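> With the sequence up front, the predicted model follows.
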Amino acid sequence: MKQGESPKSEWVGELADGPPSKKDFAALVESDGARDSAEVEYYEAAADPQFVRNETEQRRFRSQFRRRLRHRAAKKRPASGAGG
């Protein structure tokens, strides 16, 4: 295991990252005037309030998890610039 990693790192790496899917699907559906029924279904699923909430929470958790690992790794590093 590399410094600053956790056994959960692989699992967290699979969580959503980046902008919400809802916006991407909306743009996709609008681009062809909602003629593709599969795209419309994907958008409707992504626009479901529960899906949006879960996706947001996963992205938030992923960010907090990575921040915590960075802080733990920084505490383990020796202080630079001290002495003289």
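Received the coordinates, thanks.

> tell me what the host helix or strand of Ala27 is packed against?
Secondary structure from DSSP states H and E places Ala27 in helix 21-31. If contacts are counted by 3 or more CB pairs under 8 Å, 6 or more residues apart in numbering; DSSP states H and E, helix 21-31 sits against helix 37-47, helix 49-76. Heads up, the C-betas are built off the backbone N, CA and C, glycines and all.

> Phe25: neighbouring residues, count only.
By other CB atoms under 10 Å, 19 other residues sit near Phe25.

> Show the contacting residues for Glu10.
By CB atoms under 8 Å, 6 or more residues apart in numbering, no residues touch Glu10.

> Equivalent analysis for the one 3 residues further on, please.
Under the criterion of CB under 8 Å, 6+ apart, Gly13 has no contact partners.

> quick one: the helix or strand of the chain with the lowest mean pLDDT to chain centroid distance?
Here the helix or strand of the chain ranked lowest by mean pLDDT, DSSP states H and E is helix 9-13, holding a mean of 74. How far helix 9-13 lies from its chain's middle: 11 Å, per CA atoms, centre = their mean, to the nearest Å.
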